[in-house]
Structure formats: structure tokens, C-alpha cells
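Asks: build the 3D model from these lines:
(one chain, ligands or ions: 2)
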Amino acid sequence: MSSSFSNRLASLVLAGTIAACAPVLLRAADAAMPPAAPVVTTAVAVLSPTQGNEVHGTVRFTKVATGVRVVADLTGLKPGEHGFHVHEFGDATSADGMATGGHFNPMHEVHGGPSSEHRNEGDLGNITADASGHATLDYVDSKLAFDGTGSILGRSVVIHADRDDIAAQPSGNAGKRVAVGVIGIVKSP
Ligand SMILES: [Cu+2]
Ligand SMILES: [Zn+2]
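Replies: Ligands and ions are numbered 1, 2, ... in the order given. Take a look at the predicted model:
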């Protein structure tokens, strides 16, 4: 066998080997693709008091046909109305709750209430505590979302000392932050 013939034979064998392997390599690449993001339908925020306050509770978010159902149960509040919002950052590291930033407002809207045509996505209005400081709320919000730029996952729920007047910009004059909780993913039913 001449050396040029054996070289050509070797390249042909090599080319054949690469061609035969290519589909295997492609399949291996497919298998290494990350799985699609899970569809989140339930989230929860566990609220802890800011410094000097005693407010505790949970706020659950569940995807329903017309939006996201919000179910809140809080204790340790002063009787009366308290501003209730989703804030931009899920950062509960500051003692006064200020690291959660301002209202979650991905559409750059004006401040309003949950039934206002123009509102921040995070404008959930007020929650009302009874004489013992216990507050519950259960309503469906048409603006909240679990995906896209409007996703509330990883952001926070903030309860305020005062009433949100649903008018004053940028945040309804609701005063100090008395409780904060990060919105986390819950295993779907
Ligand atoms: Cu707020
Ligand atoms: Zn707002």
C-alpha cells in the first residue's frame, strides 16, 4: 500500500467516524439543555416585624382564572387600616424594611389601589385590623402575575403603619413599614 493511499483511507475512515458520531453528539447536546421553567401557581410570603413592631403573618398568592387570589392573615397590628403592597425587592435585610425599595411598578404607572385603572402592580390597597390587631383579607387581584416582567416572585410584601389613601404619590402616605416578607415559590398542589 502506498503511503498516500493509506493516508487517504485514514481520512475517509475518520470522516465516516465523525459523520456516524454527529447525531450522537447532537442528541447529547439536546439532553444537556436545561429543562423548561416550571409553571408557578402558588407563592407565599411569611411576614416578620421590622424593628420595634410585632406584626407577623402570611400572605398566600394563588393563580386563578381571573388573576391571582390574595389571602392574608396577620396579627400584631394596631386596629384600623394599613397600607398593603408588593415592593420591588425581596430584600428583608434592613431593620426598617427600607431595603425592599418602592412599590413594584414594572409598567411605570401612577400609584393607586387594587381597583384603580391606573396603579402600580404592587398596589394591593389596605388591610384592616380588628380591635385585637388581627387582619384577614381574601380577594382576587387582576394585575398580579407569576411570570414575565410582572412576576412577583422574589419581591416582597410590605405592611405599613398607616392607611394608604390611594391618592398621594408615590405611595399613598402609608407611613413606616411594620412588617416585611419575601414572596417565595410554593410546591403546587
Ligand atoms: Cu408599601
Ligand atoms: Zn403604589
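
Asks: could I get the contacting residues of the closest residue in space to residue 186 that isn't next to it in sequence?
Replies: Using CB to CB, 6 or more residues apart in numbering and skipping the chain neighbours, the partner closest in space to residue 186 is residue 42 (4.2 Å). Just so you know, the C-beta spots here come from the backbone N, C-alpha and C atoms, and that holds for glycine as well. Going by CB atoms under 8 Å, 6 or more residues apart in numbering, residue 42 touches 60, 61, 62, 63, 185, 186, 187, 188, 189.

Asks: beta partners for residue 42?
Replies: Each beta-bridge partner of residue 42 is listed here: residue 62, as defined by DSSP bridges.

Asks: measure it to residue 176 for me?
Replies: In this structure, residue 42 and residue 176 are 30 Å apart, going by CB to CB, to the nearest Å.

Asks: spatially central, which residue of the chain would that be?
Replies: Averaging the C-alpha coordinates of the chain gives a centre point, and the residue nearest to it by CA atoms, centre = their mean is residue 153 (1.3 Å).

Asks: that one touches residue 184, doesn't it?
Replies: Yes: at 7.5 Å, residue 153 counts as touching residue 184 under the criterion of CB atoms under 8 Å.

Asks: now do the shared contacts for those two.
Replies: Shared between the contact lists of residue 153 and residue 184 (criterion: CB under 8 Å, 6+ apart) are residues residue 43.

Asks: picking that back up, got the contact list for the residue nearest to the centre of the chain?
Replies: Shown in contact with residue 153 (CB under 8 Å, 6+ apart): 40, 43, 146, 183, 184, 185.

Asks: what's the burial count for the last one?
Replies: Summarising burial for residue 185: neighbours were counted as other CB atoms under 10 Å, giving 14.
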